[in-house]
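**Q** kindly generate the corresponding structure for this input.
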Amino acid sequence: MGGGGGGGDGGDADTLEGQPGSYYLDLDNEVGTCNNCLTTIEIDESTLTVGNAENANNLDGLDSSQFLRSDTSDNYTSGTLTFDPATILDLQGTVLNSVGTLTLSDNVSITGDLGVLGDLTI
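**A** Take a look at the predicted model:
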């Protein structure tokens with residue numbers, strides 16, 4: 001077994017990621033030196049929060065299924081998706097409406113070619 005611990009590799013129980021306990025800053029009494037801190041401001045343990053496995057799928061109390069993905073295909077399943085005025089919805093692909101009518105109102109601007117299969121009512 002490899003020494004140094006970390007990642008559940010059966011390592012040394014006296015270390016964390018290969019570092020002894022003295023390597024880490026003790027927040028109970030702030031003894032030790034923080035050699036790898038990101039800031040010079042004192043660490044305030046009253047604002048330090050650690051998540052738990054029970055709500056790992058939540059963000060601010062919302063389940064992960066309540067968010068639309070931006071890096072892969074996803075479905076918006078209910079409600080109204082509203083864009084604020086002056087917001088641009090830039091579609092760089094095909095708009096597929098397989099269930100019926102597509103209604104666009106107010107100032108609709110189409111740049112480039114517009115292809116329509118079926119009836120077009122203006």
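
**Q** neighbours around residue 25, how many?
**A** 13 (other C-beta atoms under 10 Å). Using the backbone N, CA and C atoms, a C-beta is placed for each residue, glycine as well.

**Q** so how far is residue 19 from it?
**A** 12 Å (C-beta to C-beta, to the nearest Å).

**Q** where do the strands of the protein begin and end?
**A** 15-16, 19-20, 58-59, 62-63 (DSSP state E).

**Q** for residue 68, which non-adjacent residue is closest in space?
**A** residue 74 (5.0 Å; C-beta to C-beta, 6 or more residues apart in numbering).

**Q** gap between the one you found and residue 64?
**A** Taking C-beta to C-beta, one finds residue 74 at 12 Å from residue 64.

**Q** before we move on, what about residue 97?
**A** To residue 64, residue 97 is 28 Å away according to C-beta to C-beta.

**Q** give me every residue that touches the nearest residue to residue 64 once chain neighbours are set aside.
**A** Distances taken as C-beta to C-beta, 6+ apart put residue 57 closest to residue 64, at 4.5 Å, once the chain neighbours are dropped. By C-beta atoms under 8 Å, 6 or more residues apart in numbering, the contact list for residue 57 reads 63-65.

**Q** within the sheet, what are the partner strands of the helix or strand bottoming out on mean pLDDT in the chain, with directions?
**A** None of the helices or strands of the chain scores lower by mean pLDDT, DSSP states H and E than strand 58-59, at a mean of 80. Pairing partners of strand 58-59, with direction, according to DSSP bridges: strand 62-63 (antiparallel).

**Q** for the partner strand, give the mean pLDDT please.
**A** For strand 62-63, the mean pLDDT works out to 84.

**Q** same check on stretch 21-39?
**A** Rounded mean pLDDT across stretch 21-39 is 68.

**Q** same thing with stretch 68-83?
**A** 84.

**Q** can you list the residues that contact that stretch?
**A** Applying C-beta under 8 Å, 6+ apart, the set of residues contacting stretch 68-83 is residue 89.
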